[in-house]
Each structure stands twice: as structure tokens, then as C-alpha cells.
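> Let's see this in three dimensions:
(3 chains)
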Amino acid sequence: MLCITLYEFLRALSNLLKVNKSFVLFLSLIFITKSLMTIGVTVASKIANIINKPNVLANLPTTTIKIIAAYAVKRAIITFFISLIMLSFVREMVKKMTKKIVHIDLNAFFAQCEINKDKSLLGKPIAIGSNGKRGVVSTSSYEARRFGVYSGQSMAEARSLCKNLIVIPGDYHLYSKESYNFFSYLKKRYKLIEQASIDECYIDMTDCIPDDITERDYLLDLQLSLYKYTNLKCSIGLGDNRFLAKMASDYQKPLGLTIIHRENIEEILWPIKISNMFGIGKKTAPKLGKLGIKTIGDLAKTNSSEVKSLLESYFDSAKAHANGYGDDIVDPSPFDPKSVGASRTFLDDTTDYDEVKNMIIYLSKEVSNELKKYHKLSSTCSLTIRNQDFVTHSKQLTLTMPTNDNVVIAQTALIILDRFWKQEPLRLVGVAMLQVFDEKEGYRQMELFSKENIVKPLIDSNETVENLLLEGKLKKASSVKKNKKNNDKNPSYKPFVGLEE
DNA sequence: TCTGGGGTCCTGCGGCGC
DNA sequence: TCTGGCGCCGCAGGACCC
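The predicted model follows:
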């Protein structure tokens, strides 16, 4: 550890003095050798004083002094070379301790899938997304990007920027299949691989790149074989940690290959605009700009209290990232969701209760299916509504028993709707189950309750909520609250904590 | 031009129990 | 019996990512 600290100190010193590391190393060794010799002479004089022979050195014959001097020079030279060997050893050690994290990003992935399906689209400006009046661009081809068409943009604006834009509605089954093929190929080659989304992943390649091939050549070969076997183009970034790898893959697109080690952050990372730094979004970037932080290099060097108070707890990790430090763990375990949700924007804002209710029932089925797919349960249901002013509100309700049943989810979401919706026009509605956990864990918890509660279903899952409401098997929360006496007569099941009075 | 849909993580606030 | 301080936890909202 001491050796590593010394090495890091030398590196920092060379960065600070803006001189070559070898020069600093040379100066340091001269300084150390000279210090050791001075200490040696001082120690010799002290010993001479202790043994009451202060003139012992002066009384020595000239030949003896020459021999001692020659011996001292010999020792100094040996010390110099030993230090040199030790430092190169430390260097190697630090190099070995540094990980090689790779980030692979599929370029304009959805657009590539569409082009592979229909070759006539090759070279044309295309955008994936809904063509409706409220559609937005999900992905655009590089030809469309030249017209200023980007993800997140409204389709109306995209069409106005690029008159020949070909709009394609998304085929998410196709994209999932292509993504599966691409990452399956990589998973066969690498053990430590973490899929971060449908079109990107991190791989720990620390022990994968052979010594007799450069990192660049190895990754270039990988990039070509990925294209050969999957017909998909990707950008690859290699760094000492996840942050550097991610920034490296973003550096050049399409088909980019960038390597960022801590040693070269000043040339590659620091000139990048702060708005392009991973973790700094469109809200924070302008605020940082006003404080004089225009590039990642500015953030790396700042100690401004204003920047600290703006970024709060994120300041330390953001500054560490800007200086080339960060998390280098790649977790290969499969995706384990913490929440599952579904939401839809209405074609037109609505105040129609039935329209909102039907949408909630539809979304609850989607959420239920996803929970079942991952074998998950949850006790927390959340309803999100967005009004015509684009203001979003969400409310939660906690159930006494965890569930993944679509009817119970719909029932809960409708109760929240009844309690909080003031009948203002709605733009969007969303249903989500939060803090989800494994079914096995859920059943262990349920065993704490009576067996009757576990085996007796509340209602038949195949029935629709509308029918249940009509038949009186299911009641709106509002009616339950008004009819408290009836509710008290039948206290067999109280699914909602939030409704207990 | 007028803003989708799926997530994660963090923060502030308020309720609650000790 | 009342009150303040403290920590915990649930909730709502915001920012960020793809």
C-alpha cells in the first residue's frame, strides 16, 4: 500500500508540475540518495561523539576517507538501481490492480433493427416512435440526426426539421430478439458481463486481453466479429472503471473505439462539455455553467462551495468521476426489478371517469403480467396522474398482503383515483407496484398469517373489475367509506392499510 | 414543437413511537 | 399528563438514465 501511495504521489506531483514522470522520478531518487548520505554522515558524527572520539573522521588517513567515499558512492549507485527496479515493480503492480472495464453501446439500435429488416431504409433519415400528435422520437438514424432529429423530441418537431423523415412505429418484440442475440454472443465469450439496458452492457475484461496484443487491436477484433455475427454496429469504450468506460463509448459514434485510462483523462475526458457527462442532466448542466463549470475538467479542479451546495451529496462522486475514479464492479446477475410499472398518455386530455378507469384496468394487467414474469410480489401500489399542464402527481397505498394479481392491483389503483382525482383533465395515467420482492419471500411472510387468508382468493382473477363492480362483489372506495356500517358487518378481508378508519 | 415509457436513486417532509 | 428531541420510516417529487 505504501508503495502504491508513493507511486500515486509521484504521479500527482508530475501532473502538478506539468513535467515528465521520469524526470520527477530521477529528481526524487537524487534527493533520496543525497538525503540518505547526509543522514549517514550525521549518524556517523553522532556515534563518534557518543564514543567520545569526535575527531575520529578527521584523524583517519586520506586513503581510508577515499575508501569510505568510494564505498558510499557504490552504495548510492546500488540504492539508485534498486529503487528504480522497485518503482517499476510498483508500476506493474498498480497496472495489474487497475481493472479493464468495457462498455458496449449499440448505435441507434432500434433504427439498425429496422434497417436490417428492410434494407431499402439504408441511408435514409428514419425515426422510431409513434406518429400520433403526441408521439416522440425514440431513436433516429444518423442520417436523421444530421437534420437535428434526436431522441425525446416531439415527432411534430422532428417532421418539421426533416421533411423526408420516415417515421416507423416501434417493434419492441423485434428489438428484444435482436438484443437477446447480440448479448448471448457476448455472454458466450465473457463471464463478467452486466446488461445495463436493451442496447448496452458492461464487461470486466481485466483477465481477458492477452499480453501479446494491444487493447485497441483486441477490441477492434471484437467489434468486427460482433458486426459479422449479429449484423449490428456498436461503439466500444474501455476504461479503468465503469464511468470512464461509459464516457469512452459515448466519445465516438457510430463504430467508435475509445480507451480512457486515468493517465489520459486530461486529453480525452477533461475537454468534454459538462452537459455530456454521465450523471449530469439537462437541469444541472446549465446551473453548473452559470457557476463557471463548462467542461468535465472544470469540475475535476473545482472546490467552489457554490458547486458543492448545488450538487450536494453527489459532489464528491461527480468530482471523483471527473478525476478518473469510480466504481469498477461488474455485476453479472440477471435483472432484478425493484419496481414494475406501466403508464399511457391519452390521445386527448380526458375528464371521462370510465376512460380513465378502463385505462387503469388495462395497465394493471400489464403490471401484473410483468410481476408474474419475474415471480415478484408487492404490497405498495402507486397511481400516477399527469394533468394538462404537464404537472405529475403520484399517490401510494399499502396493502396488508402482497400481491401480483391484476384485479387487486386495479382495485387498489381505482381506490387511489377515487380519493385523489379532482376530475381535472388528465393527460397521462400510470400504475406501478413498488418495492417488489421474490414470490418465495412473499409466501414466507404470508405463512405468518392464517392459512385461510392464503388459499381463499379475494375474487376470481378472470372476471373484469367492471363486472365485479356491477355484481356488487367489488365496491368503489368512496361507497365503502360512505357505507361504513356494512363494511363493519363483513370484516373478513381488509386489503388496504390506507383505508382502515 | 410541445413534450413517451420504462426504470433507479436521492432528498425533504411529516407522522409516529420512544 | 403534556411536551420536546430524536430516529425511523413511508410518501411524494425531482433528476437522471436509456
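> Show me how the record splits chain A into domains.
A:2-97, A:340-499 (automatic domain parsing).
> Go through these and find the least confident stretch.
Note on the domains of chain A: domain A:2-97 shows the lowest mean pLDDT, a mean of 63.
> and chain A, which of its residues are near DNA strand B?
A:130, A:133-136, A:138, A:151-154, A:156-157, A:160, A:312-314, A:337-345, A:366, A:370, A:390, A:427-428, A:430, A:432 (CB under 7 Å from any atom of the strand). From N, CA and C alone the C-beta is placed, and that goes for glycine too.
> got a pLDDT number for the residue most central in space within chain A?
Taking CA atoms, centre = their mean as the criterion, A:Ala196 is the residue nearest the geometric centre of chain A, at 7.3 Å. Note on A:Ala196: pLDDT of 92.
> Surely it and A:Ser179 touch.
No. Judged on CB atoms under 8 Å, A:Ala196 makes no contact with A:Ser179 at a distance of 11.6 Å.
> In the stretch 101-250 of chain A, what residue lies closest to DNA strand C?
A:Ser197 (3.8 Å; CB to the nearest atom of the strand).
> Please put the alpha-carbon coordinates of the host helix or strand of A:Ala342 into CSV.
Per DSSP states H and E: A:Ala342 is located in strand A:340-350. Extracted in CSV, the C-alpha atoms of strand A:340-350 (Å, rounded to 0.1, in the frame of the first residue of the first chain):
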residue,chain,number,x,y,z
VAL,A,340,-42.8,-2.6,-12.0
GLY,A,341,-45.0,0.0,-13.7
ALA,A,342,-47.0,0.9,-16.8
SER,A,343,-48.3,4.2,-18.0
ARG,A,344,-50.1,5.7,-21.1
THR,A,345,-50.7,9.2,-22.4
PHE,A,346,-54.3,9.7,-23.7
LEU,A,347,-54.7,10.8,-27.3
ASP,A,348,-56.6,13.8,-25.8
ASP,A,349,-56.8,15.0,-22.3
THR,A,350,-59.8,13.4,-20.6
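> May I see the buried residues of it?
Residues of strand A:340-350 classed as buried: A:340-343, A:345-346, A:350 (neighbour count, 16 or more other CB atoms under 10 Å).
> Which pair of those residues spans the longest distance?
A:Val340 and A:Thr350 (24.7 Å; CB to CB).
> outside of the helix or strand containing the residue nearest to the centre of chain A, which residues touch it?
Taking DSSP H and E as the definition, A:Ala196 sits inside strand A:193-197. The contact list for strand A:193-197, computed with CB atoms under 8 Å, 6 or more residues apart in numbering, reads A:183, A:186-187, A:201-204, A:330-332, A:335.
> What's the local residue count around the residue of the stretch 101-250 of chain A closest to DNA strand C?
11 (other CB atoms under 10 Å).
> Dig out what it forms beta bridges with.
A:Glu200 (DSSP bridges).
> distance of it from A:Phe109?
10 Å (CB to CB, to the nearest Å).
> swap in A:Ser379?
Per CB to CB, A:Ser379 is found 36 Å from A:Phe109.
> so who does the residue of chain A found nearest DNA strand C touch?
Nearest to DNA strand C in chain A, going by CB to the nearest atom of the strand, is A:Gly281, at a distance of 2.1 Å. Counting by CB under 8 Å, 6+ apart, A:Gly281 makes contact with nothing.
> and if you look at A:Lys282?
A:Ser275.
> Identify the residues contacting the nearest residue to A:Tyr374 once chain neighbours are set aside.
Spatial nearest neighbour of A:Tyr374, excluding adjacent residues (CB to CB, 6 or more residues apart in numbering): A:Pro337 at 5.9 Å. Residues near A:Pro337 by CB under 8 Å, 6+ apart: A:370, A:374, A:376, A:436.
> same check, this time on A:Ile293
Neighbours of A:Ile293 in contact, by CB under 8 Å, 6+ apart: A:274, A:299, A:302, A:307.
> Make TSV out of those and add pLDDT.
Formatted as TSV, the contacts of A:Ile293 follow (pLDDT from 0 to 100):
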residue	pLDDT
A:Ile274	93
A:Leu299	94
A:Thr302	93
A:Val307	90
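> what's the burial count for the residue in the stretch 351-500 of chain A positioned nearest to DNA strand B?
With CB to the nearest atom of the strand as the measure, A:Phe390 is the residue of the stretch 351-500 of chain A nearest to DNA strand B, at 4.0 Å. By the measure other CB under 10 Å, the count of residues near A:Phe390 is 8.
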